[in-house]
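>>> give me a model of this one.
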Amino acid sequence: MAKCTRINAAFLLLCWLICFSGFGFVQRVSALGINYGQLGDNLLQPQQVVSLLRFNNITKARIFDTNPQILTAFANSDIQLIVTVENTMLSQLSNPQAAIQWVTTRIKPYLPATKITDIMIGNELDAADLLASLVPAMSSVQKALSQLGLDSHIKVSSPFSYGVMGESYPPSAASFKSDVSDIMSQVLQFLSSTKSPFWINAYPYFAYKGNSKEIPLDYVLFSNDGSSAGVTDPSSNLHYDNLLYAQVDAVIYATKALGFDDIEVKVGETGWPSKGDDDELGASLENAAIYNGNLLKRQLANEGTPLQPTLDVYVFALFNENKKHGPTSERNFGLFQPDGTVVYNVGLTGYSSAKNPAPNSTDAPTPTPSEPPSSDTNLTDPPTATQTPSEPPSSDTDSIEPSSPPTPTLSEPPTSDANSTNALSPPTPSLSEPPTSSLPEIPMTYSSGVKTATTMGRWTKWIIIFSVLIIIFLGAIVWYCCSHSN
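Below is the predicted model:
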């Protein structure tokens, strides 16, 4: 009997090792989210986008509307999806009856096949009339979800531009702007009562572009990992080796300053443009590859900020979108070209481009500022634009200034018919059919010097099947040994 007990213990240990070594890498990749914008007239069809995400083991995405073709295409894909209420609909959804009708027609028909996890009410609101409608619309949609029995699965929130921040350095002294403080208190009260996160869109690129002489490029590109370089908060004594984490913690401290200690902060958008106009400092292929590559490595390691143990991040964006207004950078935030080929490789070794060779851990691209940071910058002193761009970000992409963050236009419909939200019952794409265009198979290796995490696109399911077969085989051995132990 003792022998049988030892065998059982060994069997359980082997099962544990198989599960956590075989399945764990898929869970690590799922930490990353991606923003799927649709402001292009040459983008892949939604079903092809699903294939692209699944090949890459990206299991979280956000769209900027409730496009029925996209919601249908994501059915049974196992990809968690965040949807958005367009800014123009906020006042309408402040009416509880309208909110129930909206949830009934735009959300409920696609559940549970499509994994809708969050509803964003508007995007980067700043106009007084829109902000006034925000909390009533959030409350109405939340009540509608509750009445329809969907509130336990879907969170309601709203993403804000970093322009809502007033003081941001040091992070421990951060606060929201005085003109939005009252609205923020109402929003935070709602989020606290529903246990929903606060979403912030944070772009270190714009801070660097606005003040490159004070902000070192390595600090914004996550290139100080493992070194003492960076900024130390003189009050909290927390050390920041990158700007994004300092931005996030500043938001956390700002929520605490309003009396809310229990709200998780997540990053709804962040990214770096691979191309820009002559006056768009730092916008380059090399810098974009470094920023997003280093961010991906930290996400794979489940790294949080000094103040928050974990951090959910959604990268902007999936595609370069040719119908976005504004400077050249606005159309070049994508990891992929509209046809699904990579703009640059952030560690996905299965993708390559003859035009843009993939960087790797031994031949990493060199940061390319248009002008070097000041050599006498004291990293222990507060950079003057540590968190805030020189101009407040604008949520109106029709009139984007060079310093505003990339924001898909919610008030202007995309030109393609595929983005229409009027049809509620579009033809259902076949999930078993391959995309009409040939998408490459994507084995992926993310290298971080000390630690490497590897995922293998289409081989994942075979690894899982093989692991299950091993467990069954070991179970049979345990049964045989125990039955003959006497």
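
>>> show me which residues of stretch 172-181 are buried.
Buried residues in stretch 172-181, counted by 16 or more other CB atoms under 10 Å: 172-176, 180. C-betas here are computed from N, CA, C, even on glycine.

>>> do the same with stretch 189-196
Neighbour counts using 16+ other CB under 10 Å place 190-192, 194, 196 of stretch 189-196 among the buried residues.

>>> can I get the CA coordinates of that stretch in CSV?
Backbone C-alpha positions of stretch 189-196 (Å, rounded to 0.1, in the frame of the first residue of the first chain) are rendered in CSV as follows:
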residue,chain,number,x,y,z
GLN,A,189,-17.4,55.8,-7.5
PHE,A,190,-19.1,53.9,-10.2
LEU,A,191,-16.0,51.7,-10.9
SER,A,192,-15.6,51.0,-7.2
SER,A,193,-19.2,49.9,-6.8
THR,A,194,-19.0,47.6,-9.8
LYS,A,195,-15.4,46.4,-9.2
SER,A,196,-14.5,47.6,-12.7
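
>>> what comes into contact with that stretch?
Outside stretch 189-196, the residues within contact range by CB atoms under 8 Å, 6 or more residues apart in numbering are 135, 138-139, 142, 151, 155-157, 197-198, 260, 262-263.

>>> format the residues you listed as CSV; extra columns: pLDDT and neighbour count.
Shown next, in CSV, are the contacts of stretch 189-196 (pLDDT from 0 to 100; neighbours: other CB atoms under 10 Å):
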residue, pLDDT, neighbour count
Val135, 97, 18
Met138, 98, 28
Ser139, 98, 20
Gln142, 98, 23
Asp151, 96, 16
Lys155, 98, 18
Val156, 98, 23
Ser157, 98, 23
Pro197, 98, 15
Phe198, 98, 23
Phe260, 98, 18
Asp262, 92, 10
Ile263, 97, 20
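
>>> of these, which belong to helices?
Assigned to helices by DSSP state H, the following of these qualify: 135, 138-139, 142.

>>> which two of those residues have the greatest separation?
Based on CB to CB, the longest span within the ones in helices among the contacts of stretch 189-196 runs between Val135 and Gln142 and measures 10.3 Å.

>>> surely Leu81 is within a strand?
Yes - with DSSP: H, G, I helix; E, B strand; the rest coil as the criterion, Leu81 is part of a strand.

>>> follow-up on the earlier one: dump the buried residues of stretch 172-181 to CSV, plus pLDDT, distance to Ala127 and secondary structure.
Output for the buried residues of stretch 172-181, formatted as CSV (pLDDT from 0 to 100; distance: CB to CB, whole Å; DSSP: H, G, I helix; E, B strand; the rest coil):
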residue, pLDDT, distance to Ala127, secondary structure
Ser172, 97, 31, helix
Ala173, 97, 28, helix
Ala174, 97, 24, coil
Ser175, 97, 21, coil
Phe176, 96, 17, strand
Val180, 94, 11, coil
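
>>> need the residues you listed in TSV (columns: distance to Phe316).
Formatted as TSV, those follow (distance: CB to CB, whole Å):
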residue	distance to Phe316
Ser172	28
Ala173	28
Ala174	23
Ser175	26
Phe176	22
Val180	22
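
>>> closest to Val315 out of those?
Ala174 (23.7 Å).

>>> how about that closest one, what does it touch?
165-168, 249-251, 253-254, 257, 387.

>>> which residues are in contact with the closest residue to it other than its chain neighbours?
In space, and not counting its chain neighbours, Ala174 is closest to Ala250: 3.7 Å by CB to CB, 6 or more residues apart in numbering. Under the criterion of CB under 8 Å, 6+ apart, the contact list for Ala250 reads 165, 168-169, 171, 174, 387.

>>> any idea how many residues pack against Gly334?
A count of nearby residues for Gly334, using other CB atoms under 10 Å, gives 27.

>>> pretty sure it sits in a helix.
No - secondary structure of Gly334 (three-state DSSP): coil, not part of a helix.

>>> go ahead and confirm it touches Glu321.
Yes - between Gly334 and Glu321 there is a contact under CB atoms under 8 Å: 6.9 Å.

>>> now Pro68: how far from Thr105?
Distance of Pro68 to Thr105, given as CB to CB, to the nearest Å: 10 Å.

>>> these two: which is more packed in?
A count of neighbours by other CB under 10 Å puts Pro68 above the other of Pro68 and Thr105, at 23 against 13.

>>> give me the neighbour count for Leu39.
Neighbours around Leu39, by other CB under 10 Å: 25.

>>> what does Glu330 give?
A count of nearby residues for Glu330, using other CB under 10 Å, gives 22.

>>> that one contacts Lys324, correct?
Yes - contact criterion CB under 8 Å: Glu330 and Lys324 qualify, at 4.5 Å.

>>> can you give me the strands in this protein?
Using DSSP state E, the strands of the chain run over residues 32-35, 60-62, 80-85, 115-121, 155-157, 159-161, 198-201, 231-232, 239-240, 265-270, 313-315, 443-447, 452-456.

>>> quickly run through the sheet partners of the fifth one, with directions.
Using DSSP bridges, the strands paired with strand 155-157 in its sheet are strand 115-121 (parallel).

>>> can I get the partner strand in CSV? Just the C-alpha atoms.
C-alpha atoms of strand 115-121 as CSV (Å, rounded to 0.1, in the frame of the first residue of the first chain):
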residue,chain,number,x,y,z
LYS,A,115,-16.4,36.4,-25.4
ILE,A,116,-17.3,40.1,-24.7
THR,A,117,-15.6,41.0,-21.5
ASP,A,118,-15.9,44.8,-21.3
ILE,A,119,-18.0,47.6,-22.7
MET,A,120,-16.2,50.9,-23.1
ILE,A,121,-18.5,53.9,-22.8
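
>>> ok, back up a step: from the contacts of Ala174, which is closest to Leu221?
Gln387 (16.2 Å).

>>> and the closest one, what's its pLDDT?
Listed pLDDT for Gln387 reads 36.

>>> then Ser227?
73.

>>> what's the answer for the one 4 residues further on, then?
Residue-level confidence at Val231 comes out at 94, pLDDT.

>>> so it sits against Gln247, correct?
No - counting by CB under 8 Å, Val231 sits too far from Gln247 to count as a contact (11.4 Å).

>>> can you pull the contacts of Asp312?
The contact partners of Asp312, by CB under 8 Å, 6+ apart, come to 31, 33, 197, 266-267.

>>> could you dump these into JSON lines with distance to Arg298 added?
Output for the contacts of Asp312, formatted as JSON lines (distance: CB to CB, whole Å):
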{"residue": "Ala31", "distance to Arg298": "9"}
{"residue": "Gly33", "distance to Arg298": "14"}
{"residue": "Pro197", "distance to Arg298": "19"}
{"residue": "Lys266", "distance to Arg298": "15"}
{"residue": "Val267", "distance to Arg298": "12"}
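
>>> in CSV, list the ones in helices among the contacts of stretch 189-196 along with distance to Glu286.
Converted to CSV, those look like this (distance: CB to CB, whole Å):
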residue, distance to Glu286
Val135, 43
Met138, 41
Ser139, 46
Gln142, 44
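
>>> so which of these comes closest to Ala202?
Distances from Ala202 to the ones in helices among the contacts of stretch 189-196, taken by CB to CB, are shortest for Met138, at 21.3 Å.

>>> check contacts around the closest residue to that closest one other than its chain neighbours.
Nearest residue to Met138, sequence neighbours excluded (CB to CB, 6+ apart): Ile121, at 4.9 Å. By CB under 8 Å, 6+ apart, the contact list for Ile121 reads 85, 90, 93, 134, 137-138, 141, 156-158.
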